[in-house]
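S.K.: the sequence isn't on hand, but the structure is:
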């Protein structure tokens, strides 16, 4: 006799995607897959990579801008005086402690 809920239960393991043998409804095929599924569901949420400044704080001084024409980067100044154009926003950031170039937080997070 087929299961009443056969149309809504999984036919394959959620982790390794192997076919289930006929029988009871399940979501994983083995204890190892069940443990992997539990770990994926219970791992902490990733920290935001580029959190905006607190409410009420000015955002422009901590925003990195880059010129599309010459590639110049500036922190807090949106106008490129060399090209006489406005620059694109890269994200929130600051000066690199090693080279003092403006760098965005999200670029540092992408390197990790």
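M.R.: All right, it came through fine. Since the structure is predicted, the reported quantities are computational estimates derived from the model, not experimental observations. Residues are numbered from 1 along each chain as shown.
S.K.: list the buried ones in the longest helix seen in the chain?
M.R.: Using DSSP state H, we find that the single longest helix of the chain is helix 31-42. Buried positions in helix 31-42, judged by neighbour count with 16 or more other C-beta atoms under 10 Å: 33, 34, 36. All C-beta atoms are positioned from the backbone trio N, CA, C, and that covers glycine.
S.K.: heading C-terminal from it, find the next helix or strand.
M.R.: As assigned by DSSP states H and E, the chain's next helix or strand after helix 31-42 is strand 63-66.
S.K.: strand partners of the helix or strand following that following strand, parallel vs antiparallel please.
M.R.: Downstream of strand 63-66, the next assigned helix or strand under DSSP H and E is strand 73-75. Strand pairing for strand 73-75, using DSSP bridges, gives strand 63-66 (antiparallel).
S.K.: distance between the partner strand and the chain's centre?
M.R.: 20 Å (C-alpha atoms, centre = their mean, to the nearest Å).
S.K.: can you name the residues in contact with it?
M.R.: By C-beta atoms under 8 Å, 6 or more residues apart in numbering, the residues outside strand 63-66 that reach it are 72-78, 87-94, 102-104.
S.K.: could you rerun that using 10 Å?
M.R.: Under the criterion C-beta atoms under 10 Å, 6 or more residues apart in numbering, residues 52-53, 72-80, 86-95, 101-107 lie in contact with strand 63-66.
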